[in-house]
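K.L.:
sharing a model that was predicted from the sequence below.
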Amino acid sequence: MFDNIDKTDINELGEFGLIKHLTQTVELTQESSNKGIGDDAAVLDFSGYKTLISTDLLLENIHFDLRYVPLKHLGYKAVQVNLSDIYAMNGIASQITFSIGLSSKFPLEAIEEIYEGALIACKKYGVDLIGGDTSASAQGLVISVTSIGYAKEEKIAYRSGAQEGDLLCVSGDLGGAYVGLQLLEREKQIYLENPNIQPDLEGKDYIVERQLKPEARKDVIDLLAHLDITPTSMIDVSDGLASEILHICNASNVGCKLYEEKIPLDPMTYETAREFGLDPTVCALSGGEDYELLFTIPQADYDKVKGQLDISVIGYITEPAAGKEMISKSGHVHEIKAQGWNAFKNKS
């Protein structure tokens, strides 16, 4: 993996030297960041806003495969999946901490690539890197990111706020990340069987990028604020649409009607799923890692979203006794079941 670069053993720097080397160009841009890297703890001041905090852990060979995940993309994605949790609360992400555990197989240059990707994500989303840690790891690469943000109390969107009659909405399109993963896994198997065969990803850029370089939907939060819409509930689509719908319904003690024909699918996702013999709808329902935003809004706000190309109304909220159902394109009614990714099962 690192044969084409000059290697620097990280032991030459030591832990504190490594942290200093990786963070020497970090600058703080958020007014709420009073103190960042360089002391025992960061100091933040959100003066009047509620603070939002979320943490994610990414483990080599569980959450990512370095045989096809570029290190810079990995750093970028590690930040994105965390920022998505803040946006899923209708909040503004403002800071992150970035911690990494690594084995001796990683030279300094590899770690620099990971941090470069993370810092690109921070700069793009206006987020400060304010701390973190480095450690040796006996089990491969480990990345832990904590994201911090803020919101006015009345603007925070919990999973538990959906009301009967609310519209069920989702941003962007779904299933692309999962289908992109299937494509990458297929090409990995072909390569392992014959290393002389180069990966064939031509024309599949969109779904590959959906898997390797997802984008948290800060733009949707900005759009909702511009439209003067406060979602009654919200969650990000990390484990598949079906799982996230059930999270909202269970937390809010409501039912729902989801319409299959309304689920947004990109043509490339649809076509590639078919090539793999997969049902595109199932990919959207159970695939995960799309990091779109699923949310509910009052019916009175329908006119505000109906012309928005990046927001799809895919169903509505019902009373609990009505169940949690999907109406298929053929008119059949199916119970919505969560079959999303299980973090406690190794990838196949």
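P.N.:
Great, that's in hand. Numbers count the residues shown, from 1 in each chain.
K.L.:
surely residue 184 is within a helix?
P.N.:
Yes - judged by DSSP: H, G, I helix; E, B strand; the rest coil, residue 184 forms part of a helix.
K.L.:
residues touching it, list them.
P.N.:
Going by Cβ atoms under 8 Å, 6 or more residues apart in numbering, residue 184 touches 65, 68, 208, 211, 212. For the C-beta atoms, the positions are set from N, CA and C on the backbone; glycine is no exception.
K.L.:
alpha carbons only: can I get stretch 116-136 in PDB?
P.N.:
Output in PDB follows, covering the C-alpha atoms of stretch 116-136 (Å, rounded to 0.1, in the frame of the first residue of the first chain):
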ATOM      1  CA  GLU A 116      -5.200  15.900   5.300                       C
ATOM      2  CA  GLY A 117      -8.500  14.400   4.400                       C
ATOM      3  CA  ALA A 118      -9.900  15.300   7.800                       C
ATOM      4  CA  LEU A 119      -8.700  18.900   7.500                       C
ATOM      5  CA  ILE A 120     -10.200  19.300   4.000                       C
ATOM      6  CA  ALA A 121     -13.500  18.300   5.500                       C
ATOM      7  CA  CYS A 122     -13.100  20.700   8.400                       C
ATOM      8  CA  LYS A 123     -12.300  23.600   6.100                       C
ATOM      9  CA  LYS A 124     -15.100  22.800   3.700                       C
ATOM     10  CA  TYR A 125     -17.700  22.700   6.500                       C
ATOM     11  CA  GLY A 126     -16.300  25.500   8.600                       C
ATOM     12  CA  VAL A 127     -15.400  23.300  11.500                       C
ATOM     13  CA  ASP A 128     -12.500  23.600  13.900                       C
ATOM     14  CA  LEU A 129     -10.200  20.700  14.900                       C
ATOM     15  CA  ILE A 130      -9.700  21.400  18.600                       C
ATOM     16  CA  GLY A 131      -8.100  18.200  19.900                       C
ATOM     17  CA  GLY A 132      -7.700  14.400  19.800                       C
ATOM     18  CA  ASP A 133      -5.200  11.700  20.600                       C
ATOM     19  CA  THR A 134      -2.900   9.200  19.000                       C
ATOM     20  CA  SER A 135      -2.100   5.700  20.200                       C
ATOM     21  CA  ALA A 136      -0.500   2.400  19.200                       C
END
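K.L.:
pick out the most distant pair among the contacts of residue 184.
P.N.:
65 and 208 (13.5 Å; Cβ to Cβ).
K.L.:
more neighbours: which of those two?
P.N.:
Ranked by neighbour count (other Cβ atoms under 10 Å), residue 65 and residue 208 place residue 208 first, with 22 against 14.
K.L.:
and the gap between the residue nearest to the more buried one when sequence neighbours are not counted and residue 268?
P.N.:
Sequence neighbours aside, residue 180 is the residue nearest to residue 208 in space, at 4.9 Å (criterion: Cβ to Cβ, 6 or more residues apart in numbering). Counting by Cβ to Cβ, to the nearest Å, the gap from residue 180 to residue 268 is 9 Å.
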